[in-house]
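Asks: quick one, structure for this:
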Amino acid sequence: MKPRDLLRQMFDAAVASAQPALCLPPHLPAPESLGQGRLVVIGAGKASAAMARALEDHWHGPLSGLVVTRYGYAVPCSRIEIVEAAHPVPDQAGLQAAQRMLETVKGLSADDLVLCLISGGGSALLPLPLPGLRLQDKQDVNRALLASGATISEMNCVRRHLSGIKGGRLAAACHPARVLTLLISDVPGDDPINIASGPTVADPSTCAEALAIAQRYGIALPQRARHLLESGEGESVKSGDLRLARADVRMIATPQIALEAAAAVARAAGIAAYILGDALEGEARDVGKVLAAVAHQVVKHGQPFAAPCVLLSGGETTVTVRGTGRGGRNVECLLAMGIALDSLARVHALAGDTDGVDGQEEIAGALLTPDTLARAWTLGLKPRDMLANNDGHGFFAALGDAVVTGPTLTNVNDFRAILIAAP
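Replies: I've put the predicted structure just below:
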């Protein structure tokens, strides 16, 4: 099998492992557990519409609800309303969906069950600001965070403390009903508070921490936002709050599960597979250099693994935007890896986002081959200049090596596979 074909099969297997139709049904409650209560469905994220469809396909009793997903990620449902909104920078449609979601759970009884379907991307899709803040304020802060180099946990900490629905506030609004949240994780460490900024879980972080993060990265906060953080008025819902006493969380898909699915594909092809980690973080170009160094060690010294082998990793890198290119943390990581490998023979790689969107491009990622640099130079491309300009997408598109999947309807974070062929 050609290296690029095997790499793509591994990526596809990782995505398939996190499809809601596969991973959601085993976690549904028994219909008889509802008694006389109602089932109300809410949710947000790139996978939320597909999760809603999987729920409808396996739940034969009455239900109603509303979920919001990214534009282009809607899946037809008959009993659950699907709303589309913008990601990663929120828009008015997301604001209105968040407001309607709070209305949907208002006035529930202790007999009712709220089933909350949450996946990556939900934070931008539920941009309800605290009183006194405008949607424009949330958009400005979000853009600044995305370009700052802050980690996803740092970005979500700031978002939670400026939100009227995140940081446990959505679950609190459901009280006294029971709340069961089904999560598809797209964050390093799988901490529920960082998946869609934790709308249904207690938040251990504070306004003071959010303010410190904004200051650390030079985020220009609107005056009202700064006041909310400095005064503590933006504090989120904490552990021990009685409104969360009947809230439960179940993780139904994770980056680790996706990497194990990819590893199984490699092993079925007779190639040893090793998972380096499911939570790698850091500047994308720095992670690319480190992964290249590991590949060098395998090729030259047979350490820490002998070739042929596949090195798999997940997590979420960051990009500090300094250029004017098309961006994408996975392609930035891959381009930096290619430059560091310097056309090293026998090394092929794929890096992509499992949601099908790397950065703000409708492109999942790209493929790297031993002749990538040579082909680029033939076309007059300058790899180092394009990396400096944050233009990984432009680089790999020019080579015809972009990986395009369309909406995958799920999201278990970044996927990286390095295939090192036998000598």
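Asks: elements contacting the lengthiest helix in the chain?
Replies: In the chain, with assignment by DSSP state H, the single longest helix is helix 284-301. If you count contacts as 3 or more C-beta pairs under 8 Å, 6 or more residues apart in numbering; DSSP states H and E, helix 284-301 packs onto strand 272-280, strand 309-315, helix 329-341, strand 347-353, strand 414-420. C-betas here are computed from N, CA, C, even on glycine.
Asks: quick one: buried residues of stretch 412-419?
Replies: Judged by neighbour count using 16 or more other C-beta atoms under 10 Å, the buried positions of stretch 412-419 are 412-419.
Asks: quick one: mean pLDDT over it.
Replies: If you average the pLDDT over stretch 412-419, you get 97.
Asks: so what's residue 303 up against?
Replies: By C-beta atoms under 8 Å, 6 or more residues apart in numbering, residue 303 lies in contact with residue 297.
Asks: ditto for the one 4 residues further on
Replies: Applying C-beta under 8 Å, 6+ apart, we find residue 307 in contact with 298-299, 346, 420-423.
Asks: doesn't residue 84 make contact with residue 75?
Replies: No - the pair residue 75 / residue 84 is not scored as a contact, 10.7 Å apart, by C-beta atoms under 8 Å.
Asks: and these two? Which one has more around it.
Replies: Shown here are residue 75 and residue 84; by other C-beta atoms under 10 Å, residue 75 has more neighbours (21 against 18).
Asks: relative to residue 5, how far out is the more buried one?
Replies: According to C-beta to C-beta, to the nearest Å, residue 75 stands 29 Å off from residue 5.
Asks: same thing with residue 97?
Replies: 40 Å.
Asks: how much space between residue 372 and residue 25?
Replies: For residue 372, the distance to residue 25 - C-beta to C-beta - is 41 Å.
Asks: before we move on, what about residue 202?
Replies: 28 Å.
Asks: got it, and residue 210?
Replies: Taking C-beta to C-beta as the measure, residue 210 falls 37 Å from residue 25.
Asks: now residue 228
Replies: Using C-beta to C-beta, residue 228 is found at 41 Å from residue 25.
Asks: those two - which one has more neighbours?
Replies: Comparing residue 228 with residue 25 by other C-beta under 10 Å, the one with more neighbours is residue 228, at 24 against 14.
Asks: in terms of helices and strands, where is the more buried one?
Replies: helix 223-231 (DSSP states H and E).
Asks: for that helix, which positions count as buried?
Replies: By neighbour count with 16+ other C-beta under 10 Å, helix 223-231 contains the buried residues 224-225, 228-229.
Asks: what's the per-residue pLDDT of residue 18 here?
Replies: Reported pLDDT for residue 18: 96.
Asks: give the contact list for it.
Replies: Going by C-beta under 8 Å, 6+ apart, residue 18 touches 47, 184, 253, 257-258, 354, 410-412.
Asks: neighbour-wise, which of those leads?
Replies: Most surrounded of the contacts of residue 18: other C-beta under 10 Å gives residue 47, at 39 neighbours.
Asks: thought that one was touching residue 407?
Replies: No - using C-beta under 8 Å as the test, residue 47 is too far from residue 407 to be in contact (9.8 Å).
Asks: look up how far residue 365 lies from the closest residue to residue 37 other than its chain neighbours.
Replies: Spatial nearest neighbour of residue 37, chain neighbours left out: residue 111 (3.4 Å); criterion: C-beta to C-beta, 6 or more residues apart in numbering. Remark: distance between residue 111 and residue 365 (C-beta to C-beta) = 46 Å.
Asks: same drill for those two, tell me which one is more crowded.
Replies: Under the neighbour definition other C-beta under 10 Å, residue 111 and residue 365 were set side by side, and residue 365 has more, 33 against 13.
Asks: wait, that one touches residue 328, no?
Replies: Yes - applying C-beta under 8 Å as the test, residue 365 and residue 328 come out as touching, 7.5 Å apart.
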